[in-house]
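Participant: sequence first, predicted coordinates after that:
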Amino acid sequence: MDHSAARAAAPQLHVVLVLAAATGGIGAHVRSLTRGLVAHGVTVTVCAPEGTDRLFGFSAAGARLHTVDITPTSGARSDATAIGELRRAFTGADVVHAHGLRAGLLSDLALRTAGRFPGIRPETPLVVTSHHALLTTGLDRRLQRLMERRVVRAADLVLGASSDLVARARELGATDARLGPVAAPPMPPGTLDRDAARAALPGGDDGRPVVLAIGRLVPQKCFALLLDAAGQFAAPGGPAPRVLLAGDGPERQGLRERVAAERLPVELLGYRADIPDLLAAADLVVLSSRWEARSLVAQEAMRAGVPVVATAVGGVPELVGDAAVLVPFADPRALGRAVRDLLADPARRAAMAAAGRAQAATWPDEAATVAQVLSIYDELVQRRG
């Protein structure tokens, strides 16, 4: 279907994208959708907390920005304020597309109470993209499960970033749940070749293999598992590889203290904007996460031809296929052995680099992702019409 031609003869579609505070994949995905939808002639409003636009450039991508402070946890006053702002943003909207459970819950409440507000249609379709599994424990887990059930049942359509999220939504009673892969936006090209990238590492190139991990220093990424396994990466009698961890977050100090106390061969680099150059320097990338949907780090590494060793969690196996080494989660011996064996086998690393690029060619790109979302919006609008 030619969405541009069809829309030229119809009133311009107005879509509102809603997200809570985001620092990583969700923000990048919403920016990608914004850019693609605007290119197709769609009017896009992005509802996001103050400061998020500076990180992701929604306005620069062509969106109208409506500041809404969607807090990570519920609060009577903050939620009431957010719902009021969402009602204003939803005026004239044809579709509301919320990203994440908190954004989905508040969007649903704003729509359900919209009948008293002119210009807002309570029957406006609500799409919710589920980006993450719920990994909390105790009372927080029970409360989030209740929120999850309400949101997936309220939405006209739930898009899961991985198949396990789709299955979860269906299990909880979603009216309609489908796979909605999140494409990794192309990285800017690196500025350094391999030799120059290795020379630019802290302390220069000392000739040792480089194992790279990238991500927010948060519990989901489970860099504690990386530290558990790091001492096993070296071949018997051989030098320990350099293990570089690029990223920042609340666990940074604890990880730094553990590296120092245990004298681990791990270097914490902090936040880095030169990921393409770090990938150029790396012999392999390790993903030690407790859960991932469609890991942006794995996508970036495989596109760059860097072999990946990853935990077999969430959507990772369906993402990487046979083009990465998968190990069980919470098994540092298996992770250590997988990295050690791969570092000792240059021919296998070269084969995996080629396989990774081939696997990456099968993933939907940003254009295909936008086309899928546009088709969904058209379907829902026509259904409500």
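Facilitator: Now that the structure is in, tell me what you want to look at. Predicted, not measured: the structure shown is a model, and the values here were computed from it. Numbers count the residues shown, from 1 in each chain.

Participant: number of residues surrounding the closest residue to Tyr271 other than its chain neighbours?
Facilitator: Leaving aside its sequence neighbours, Tyr271 sits nearest to Asp248 (CB to CB, 6 or more residues apart in numbering; 4.3 Å). Glycine gets a C-beta too; all of them are placed from N, C-alpha and C. Look at Asp248: counted by other CB atoms under 10 Å, it has 16 neighbours.

Participant: wait, a helix at Asp248?
Facilitator: No: counting by DSSP: H, G, I helix; E, B strand; the rest coil, Asp248 falls outside a helix, being coil.

Participant: care to break the protein down by domain?
Facilitator: Following automatic domain parsing, one gets these domains for the chain: 3-183+365-384, 194-360.

Participant: now the top helix by length along the chain: average pLDDT?
Facilitator: Determined from DSSP state H, the single longest helix within the chain is helix 366-384. Taken as a whole, helix 366-384 has a mean pLDDT of 93.

Participant: low-confidence stretches in the stretch 51-200 of the chain?
Facilitator: Confidence mapping of the stretch 51-200 of the chain against pLDDT under 70 gives the ranges 114-122, 135-137, 139, 141.

Participant: strands of that one, start to end?
Facilitator: 64-67, 95-99, 126-130, 157-160, 177-179 (DSSP state E, counting those that start in this stretch).

Participant: which among those is found nearest to Glu171?
Facilitator: Nearest of the strands of the stretch 51-200 of the chain to Glu171, taken as CB to CB: strand 177-179 at 9.3 Å.

Participant: before we move on, back to that, columns distance to Ala310 on top of the strands of the stretch 51-200 of the chain, output as a markdown table?
Facilitator: Shown next, in a markdown table, are the strands of the stretch 51-200 of the chain (distance: least, CB to CB, whole Å):
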| stretch | distance to Ala310 |
| --- | --- |
| strand 64-67 | 36 |
| strand 95-99 | 24 |
| strand 126-130 | 21 |
| strand 157-160 | 19 |
| strand 177-179 | 20 |
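
Participant: now mean neighbour count and distance to Ala350 too, for those strands, in CSV please.
Facilitator: Below are the strands of the stretch 51-200 of the chain laid out as CSV (neighbours: other CB atoms under 10 Å; distance: least, CB to CB, whole Å):
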stretch, mean neighbour count, distance to Ala350
strand 64-67, 15, 46
strand 95-99, 27, 38
strand 126-130, 26, 37
strand 157-160, 26, 34
strand 177-179, 17, 32
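
Participant: show me where the stretch 201-350 of the chain has strands.
Facilitator: 210-214, 242-246, 266-270, 284-287, 308-311, 325-327.

Participant: before we move on, back to that, what about the residue nearest to Tyr271, distance to Gly215?
Facilitator: Taking CB to CB, to the nearest Å as the measure, Asp248 falls 10 Å from Gly215.

Participant: ditto for Asp193
Facilitator: With distances taken as CB to CB, Asp193 is found 25 Å from Gly215.

Participant: those two: who's more crowded?
Facilitator: Set Asp193 next to Gly215 and count neighbours by other CB under 10 Å: Gly215 wins out with 23 against 12.

Participant: surely that one touches Leu226?
Facilitator: No: with contact defined as CB atoms under 8 Å, Gly215 does not reach Leu226; the gap is 9.9 Å.

Participant: how about the residue nearest to Ser107 when sequence neighbours are not counted, what does it touch?
Facilitator: Using CB to CB, 6+ apart and skipping residues adjacent in sequence, the residue nearest Ser107 is Ala98, 4.3 Å away. Neighbouring residues of Ala98 by CB atoms under 8 Å, 6 or more residues apart in numbering: Leu17, Val18, Leu19, Gly104, Leu106, Ser107, Asp108, Leu126, Val127, Val128, Thr129.

Participant: equivalent analysis for Arg102, please.
Facilitator: Here Arg102 is in contact with Ala20, Ile70, Thr71, Pro72, Ser74, Met147 (CB under 8 Å, 6+ apart).

Participant: next: Val381.
Facilitator: Val381 neighbours (CB under 8 Å, 6+ apart): Leu13, Asp94, Val95, Pro125.

Participant: since that was my last question, I'll sign off now.
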